[in-house]
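[1] The following block contains a protein sequence and its predicted model.
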Amino acid sequence: MNCPFCGLADSRVVDSRETESREAIRRRRECANCGQRFTTYEKIEEIPITVVKRDGSTELFHPDKLLRGLMRACTKRNVPLEWLQQIVTDIEKQLREELVYQVTSERVGKMALERLREVDLVAYIRFASVYRHFESVEEFKNELESLAKEGIR
């Protein structure tokens, strides 16, 4: 690590600790040449997750895009934003734990539906209508009937 004051690449670590968010390691360093102290942060560089869309094109997984879709489904519903953020975090965490770096948009949608179903059924139906491309009242009716068969009201 080069000293930001004198540029020498020789420094020693004086103190190390995790950041509050536990996403990085904070290191206090002291330059062997000029004695100045400075702080560095080490963070693991994660491999990006790529989403394969229905048309075959790919794009990077954007948690904020998934969150916006969930928020749209929850419009005028009493669902705290923190819950939706947790759903997105859980999905990304599960994909990373499974070492999945390329996933279909269908799988991401299915994962979101599974979690949204536990949170709010109206939002679940709204999200399902977009994810599954409902084009008729009959498709809505079939989804509602399947929920009723499972005893969910």
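    Alright, I've got the coordinates.

[2] Give me the next element, helix or strand, following the longest helix anywhere in the chain.
    In the chain, with assignment by DSSP state H, the single longest helix is helix 81-97. Using DSSP states H and E, the helix or strand that follows helix 81-97 towards the C-terminus is strand 102-104.

[3] by contact count, what packs against that following strand?
    strand 50-52 (3 or more CB pairs under 8 Å, 6 or more residues apart in numbering; DSSP states H and E). Placement of C-beta: from N, CA and C, glycine included.

[4] Report the buried residues of the strand it packs on.
    51-52 (16 or more other CB atoms under 10 Å).

[5] I'd like the average pLDDT over it.
    Confidence over strand 50-52 (mean pLDDT, whole number) is 97.

[6] quick one: the next helix or strand after it to chain centroid distance?
    Going down the chain from strand 50-52, the next helix or strand is strand 58-60, by DSSP H and E. Using CA atoms, centre = their mean, to the nearest Å, the mean C-alpha position of strand 58-60 is found 14 Å from that of the whole chain.

[7] Let me see the residues that make contact with strand 58-60.
    48-53, 102 (CB atoms under 8 Å, 6 or more residues apart in numbering).

[8] Report all helices and strands that the helix or strand bottoming out on mean pLDDT in the chain contacts.
    Among the helices and strands of the chain, helix 137-149 carries the lowest confidence by mean pLDDT, DSSP states H and E, at a mean of 80. Helices and strands touching helix 137-149, by 3+ CB pairs under 8 Å, 6+ apart, are helix 121-131.

[9] what's the distance between residue 23 and residue 43?
    Separation of residue 23 from residue 43 (CB to CB, to the nearest Å) stands at 6 Å.
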